[in-house]
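Undergrad: sequence plus predicted model, see below.
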Amino acid sequence: MPELPEVETTKLGISPHVVGGKICEVIVQRSDLRWPVSPELGEMAGVVFVSVKRRSKYLLLETDSGQVVLVHLGMSGSLRLVPPAEEWRKHDHIGITLSGGLQLRYHDPRRFGLVLVVPLSEIQTHPLLKNLGPEPLEEGFTGAHLHAALRGKTIALKVAIMDAKVVVGVGNIYASESLFRAGIHPRLPAEKLSKPKAERLVAAIKEVLTESITQGGTTLRDFLNSDGQPGYFKQRLFVYGRKGEPCRVCETPISHAVLGQRATFWCAVCQRR
DNA sequence: CGAACCTCCTGCGGGC
DNA sequence: TGCCCGCAGGAGGTTC
């Protein structure tokens, strides 16, 4: 389940091997992902990657042809670099062989991800990207921004911070974890979040994501030929997935409910609205 | 516009 | 131990 830290880790891991590489061959085993893989991808031989960027959980592989390969890993996707001759695993759907002697392999069991080719000139206005809120780790994401973005929203705060128009990159796990760190109840109506609490929550989101990226970084050295799955599973989560288990701070059993169709976890003592 | 719900798909966990 | 059912989840789409 790639969350923003995993996508950032992926970006950092593949960049050194992808940037400057010329596409020798594109192999599409399956094109029925979240949306069909762009047919143009198969015609990109000879094109050179010039940069790898990230916006929200999208990876943008920019090329010298004015095209951008837009990749989203969905829930189960990963990118890894392998020798071109390496055997294709089950659910390896796309291989992009590069001049440097490696192949970028897209793997996605559930096929919730996507690989699209978008003209660079249309990136800013692309439907998937144009309405995205601020990056959580950039300066534009402040308590004031969050407070303003939640105005008029009656939905649960936890649901609201997962809305990409409010802020991008806060997935289900980190939404619960951030609220725990900020000591705020996930069911608080979003518009009721005070400015001081908004400041606390923003700080918590930045902390959680930053720490997780740091952990993802520990897997970077193994990124080449690895399965590309950094291990946030290994990190010590405070509340996520811990229903009924003792809170790591006060030992109260962790609460669980479904909010906005998503599993939500909190400590009823540490997080009092 | 906001809110609630639906959908895609497969691996895996829980239950028996 | 082994099988099977049903859940989980990112995020766009649909409906009200």
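TA: Nice, I can see it. Residues are numbered from 1 along each chain as shown, chains lettered A, B, ... in the order given.
Undergrad: got the contact list for A:Pro3?
TA: For residue A:3 the amino acid is Glu, not Pro. Shown in contact with A:Glu3 (Cβ atoms under 8 Å, 6 or more residues apart in numbering): A:Lys57, A:Gly169, A:Gly171, A:Ile173, A:Tyr174, A:Ser212, A:Tyr232. C-beta: built from backbone N, CA, C; applies to glycine.
Undergrad: just confirm the fourth one is within a helix.
TA: What that stands for is A:Ile173. Yes: the assignment for A:Ile173 by DSSP: H, G, I helix; E, B strand; the rest coil puts it in a helix.
Undergrad: that one: neighbour count?
TA: For A:Ile173, the count of nearby residues is 23 (other Cβ atoms under 10 Å).
Undergrad: for the nearest residue to it once chain neighbours are set aside, what are its contacts?
TA: Leaving out its chain neighbours, the residue that sits closest to A:Ile173 by Cβ to Cβ, 6 or more residues apart in numbering is A:Tyr240, at 4.8 Å. With contacts defined as Cβ under 8 Å, 6+ apart, the neighbours of A:Tyr240 are A:Asn172, A:Ile173, A:Ser176, A:Glu177, A:Phe265.
Undergrad: let's see 6 Å
TA: A:Ile173, A:Ser176, A:Glu177, A:Phe265 (Cβ atoms under 6 Å, 6 or more residues apart in numbering).
Undergrad: let's see which of the residues you listed end up in strands.
TA: Under the assignment DSSP state E, the contacts of A:Tyr240 contribute A:Phe265 to strands.
Undergrad: among the contacts of A:Tyr240, which ones lie close to DNA strand C?
TA: A:Ile173 (Cβ under 7 Å from any atom of the strand).
Undergrad: tell me which helix or strand the closest residue in space to A:Tyr106 that isn't next to it in sequence sits in.
TA: Once flanking residues are discounted, A:Tyr106 sits nearest to A:Ile94: 4.0 Å by Cβ to Cβ, 6+ apart. Here A:Ile94, judged by DSSP states H and E, is contained in strand A:92-98.
Undergrad: what's that strand packed up against?
TA: strand A:23-28, strand A:103-107 (3 or more Cβ pairs under 6 Å, 6 or more residues apart in numbering; DSSP states H and E).
Undergrad: kindly recompute the last result at 10 Å.
TA: Applying 3 or more Cβ pairs under 10 Å, 6 or more residues apart in numbering; DSSP states H and E, we find strand A:92-98 packed against helix A:4-18, strand A:23-28, strand A:67-72, strand A:78-82, strand A:103-107, strand A:114-119.
Undergrad: quick check: which of the ones you listed is nearest to DNA strand C?
TA: With distances scored as Cβ to the nearest atom of the strand, the stretch of the helices and strands packed on strand A:92-98 nearest to DNA strand C is strand A:67-72 (5.9 Å).
Undergrad: tell me the helices and strands packed up against the closest one.
TA: helix A:4-18, strand A:49-55, strand A:58-63, strand A:92-98, strand A:103-107, strand A:114-119.
Undergrad: reformat the ones you listed as a markdown table; add mean neighbour count.
TA: Converted to a markdown table, the helices and strands packed on strand A:67-72 look like this (neighbours: other Cβ atoms under 10 Å):
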| stretch | mean neighbour count |
| --- | --- |
| helix A:4-18 | 22 |
| strand A:49-55 | 17 |
| strand A:58-63 | 21 |
| strand A:92-98 | 22 |
| strand A:103-107 | 23 |
| strand A:114-119 | 20 |
